[in-house]
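Q: with the sequence up front, the predicted model follows.
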Amino acid sequence: MLSTELLTYYRKLSQSLFTVVDVETTGRFADSDRVIEISVLQATLADGIALQRTDLINPQVAIPSNISRFTGIAQWMVDAAPTAADILPAYLPLLNTGVLTAHNVEFDDSFLQSEYQRLGTAFQRPVEQQLCTVQLSRLMLPDLPSRRLPYLVKHFQFDVGSSHRAGADTLACWLLTERLLTELLKEPDPVLLATFARQWMPLRVAATLLGCSSTEGRSRLEAAGVQSRHVGRGNRETWMYRRGDVERVVHEQDQQLRWS
């Protein structure tokens, strides 16, 4: 979406009930790793937090030592906890209401889908009923060096406890959502659009806005004199462009089509 469309979208979304979720897991891969802790918080901008529930889950597999060091969740802690079959059905009514919100919602959503699938229960929230606070942070906080949740907790001085535990991270995600959406509602359009314009976006997103392939998008942006920066390495390398520069090329492209 273009900046003006994003502004309208997020302002409309701000009126919603938010179902904020965080899961801690045994690894990165939803099809093979398991959830070891879940927290769900529901809140609105108007009324604040309505409820929060957090549970450890026995994954019935060993927790890798690096995960225990990262999260602080030891094997003995989950060995005494109920299994996913005992815990997750009670969370389903919460997860199926409101806007599913998480810091990197794709990650949490993929684990929820896998865990419920193992239980023989369908769980799938449409993209339009999801909010990723990583994406929102990139748009609203383009000048920060990091949008990692622990960094943002420190930056805004959120009092949430230890990071990388589901309860603390869910609360942090809500406080971030509340702060950024409140700013979206209060700040005038020109100020917000100027902020959006400073966002760095990867080539694939820029190409989507231009309505072409990544290869063609890079050629068009170079031809228009748009500055870029190269980040990452190997499979993760990409070219990054400022949103404002990309949207300028989009508008020029639209004008050319109208004149032709």
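A: All right, it came through fine.
Q: hey, where'd the helices end up in this protein?
A: For the chain, the helices defined by DSSP state H occupy 3-13, 65-71, 75-79, 84-95, 105-118, 133-140, 149-156, 166-186, 189-197, 203-210, 214-223, 243-259.
Q: between the ones you listed, which one is closest to I36.
A: Of all the helices of the chain, it is helix 75-79 that lies closest to I36, at 5.3 Å by Cβ to Cβ. From N, CA and C alone the C-beta is placed, and that goes for glycine too.
Q: name the residues that touch that closest one?
A: Outside helix 75-79, the residues that touch it by Cβ atoms under 8 Å, 6 or more residues apart in numbering are I36, L56, I57, N58, P59, A62, I63, S68.
Q: quick one: closest of the helices of the chain to R233.
A: It's helix 203-210; of the helices of the chain, that one is closest to R233 (Cβ to Cβ) at 15.1 Å.
Q: buried ones from the contacts of helix 75-79, can you make that a PyMOL selection?
A: Entered in PyMOL, the line below selects the buried ones among these, by 16 or more other Cβ atoms under 10 Å:
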select buried, resi 36+56+57+58+59+63+68
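Q: the contacts of helix 75-79 in strands, which ones?
A: Those of the contacts of helix 75-79 mapping onto strands are I36, L56, per DSSP state E.
Q: now the helices of the chain as CSV including distance to V23 and mean pLDDT?
A: Formatted as CSV, the helices of the chain follow (distance: least, Cβ to Cβ, whole Å; pLDDT from 0 to 100):
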stretch, distance to V23, mean pLDDT
helix 3-13, 22, 97
helix 65-71, 11, 94
helix 75-79, 13, 96
helix 84-95, 10, 97
helix 105-118, 5, 97
helix 133-140, 15, 97
helix 149-156, 13, 95
helix 166-186, 6, 97
helix 189-197, 30, 98
helix 203-210, 26, 95
helix 214-223, 32, 95
helix 243-259, 30, 90
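Q: wait, which of those is closest to N235?
A: Closest to N235 of these, according to Cβ to Cβ: helix 203-210, at 13.0 Å.
Q: packing partners of that closest one?
A: helix 214-223, strand 238-242, helix 243-259 (3 or more Cβ pairs under 8 Å, 6 or more residues apart in numbering; DSSP states H and E).
Q: out of the ones you listed, which one sits most buried?
A: Of all those, strand 238-242 carries the top mean neighbour count, a mean of 20, counting by mean count of other Cβ atoms under 10 Å.
Q: what pairs with that one, parallel or antiparallel?
A: strand 200-202 (antiparallel), strand 228-231 (antiparallel) (DSSP bridges).
Q: thinking again about what came up before, TSV for the helices and strands packed on helix 203-210, including distance to L185?
A: Listed next are those as TSV, based on distance: least, Cβ to Cβ, whole Å:
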stretch	distance to L185
helix 214-223	32
strand 238-242	25
helix 243-259	21
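Q: and the strands paired with strand 238-242, which one is worst for confidence?
A: With a mean of 90, strand 228-231 has the lowest mean pLDDT of the strands paired with strand 238-242.
Q: what's in contact with it?
A: W200, L221, E222, E237, T238, W239, M240, Y241.
Q: for N104, state which of the contacts of helix 75-79 is nearest.
A: So of the contacts of helix 75-79, ranked by how close each gets to N104 (Cβ to Cβ), first place is I36, at 17.3 Å.
Q: dump the residue contacts of the closest one.
A: Per Cβ under 8 Å, 6+ apart, neighbours of I36: E24, T25, T26, L56, I57, P59, I63, I67, T71, I73, V78.
Q: hang on, isn't the third one packed against D33?
A: Yes: contact status for T26 versus D33: in contact at 4.5 Å, counting by Cβ atoms under 8 Å.
Q: show me which of these two is the more surrounded one.
A: Using other Cβ atoms under 10 Å as the criterion, T26 and D33 rank with T26 on top: 20 against 17.
Q: got the phi/psi numbers for the more buried one?
A: phi -80, psi -10 (degrees, to the nearest 10).
Q: which ones are touching it?
A: D33, R34, I36, P59, V61, A62, I63, P64, I67.
Q: let's go with 10 Å and repeat that
A: With contact taken as Cβ atoms under 10 Å, 6 or more residues apart in numbering, T26 is in contact with 32-36, 59, 61-64, 67-68, 71, 73, 78.
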